[in-house]
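> Sequence plus predicted model, see below.
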Amino acid sequence: MPSLATTPAGRRVLARLRGIGPFLQGSLTITTKRCGRPTCRCATAGPLHEVALLTWKEGARTRTLHVPQALREEVAAWVAEAKRLKHLSHAMSAAQRAFLRRRRARARRGR
Ligand SMILES: [Zn+2]
C-alpha cells in the first residue's frame, strides 16, 4: 500500500485515475494506399483504399500497426484515454511538488 501523502488536488487526481479504462500510447491516423493487387481499381484509376494506422515511438524509431476497420473507434478511445492518463500523471506530479513545497514552508515557520 503506497503512502497517501498528497494534497486535496492530488486526491482528486487519484480519484480520476481510478476511472481510467484501457489505454494505448500513440496516434491513430487515417491514410490511403494501393493494395497491390494488379486487378484492383486502385491500381489504375482509384479511389485508393482508406487504412487506419497506429503509430508510436520506440526509442528513436516510429513503429506502425494496421488497425482493422471494425476496431477503429475503439482504438481511438484507447488513444484518447492514454492522453487523459498523461494529463493526470502531470497533474499528480504537480500536486506532489506542491505537497513538498508546503512541507518545506511549514518547517521554516517552525512546524
Ligand atoms: Zn486496391
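Here it is on my side, so go on.
> Is residue 29 located within a strand, as I assumed?
Yes: counting by DSSP: H, G, I helix; E, B strand; the rest coil, residue 29 falls inside a strand.
> Looking at it now. What's its pLDDT?
At residue 29, the model reports a pLDDT of 95.
> What of residue 1?
With respect to pLDDT, residue 1 scores 59.
> go on, the one 5 residues further on?
Predicted confidence (pLDDT) for residue 6: 94.
> Which of the residues in the top helix by length along the chain are classified as buried?
Identified as the longest helix of the chain according to DSSP state H is helix 72-108. Within helix 72-108, the residues scored as buried using 16 or more other CB atoms under 10 Å are 75-76, 78-79, 81-82, 85, 88, 91-92, 95-96. Glycine gets a C-beta too; all of them are placed from N, C-alpha and C.
> Check the chain and tell me which residue is nearest its centre.
residue 82 (2.2 Å; CA atoms, centre = their mean).
> Now that residue: closest residue in space that isn't a chain neighbour?
When the adjacent residues along the chain are set aside, residue 82 lies closest to residue 23, with 4.0 Å between them (CB to CB, 6 or more residues apart in numbering).
> Kindly indicate whether that neighbour is helix, strand or coil.
Strictly by three-state DSSP, residue 23 counts as coil.
> That one and residue 16, how far apart?
According to CB to CB, to the nearest Å, residue 23 and residue 16 sit 13 Å apart.
> Assign a three-state SS to residue 55, would you?
strand.
> Residues in a beta bridge with it, which ones?
Bridge pairing for residue 55 (DSSP bridges) gives the partners residue 27, residue 64.
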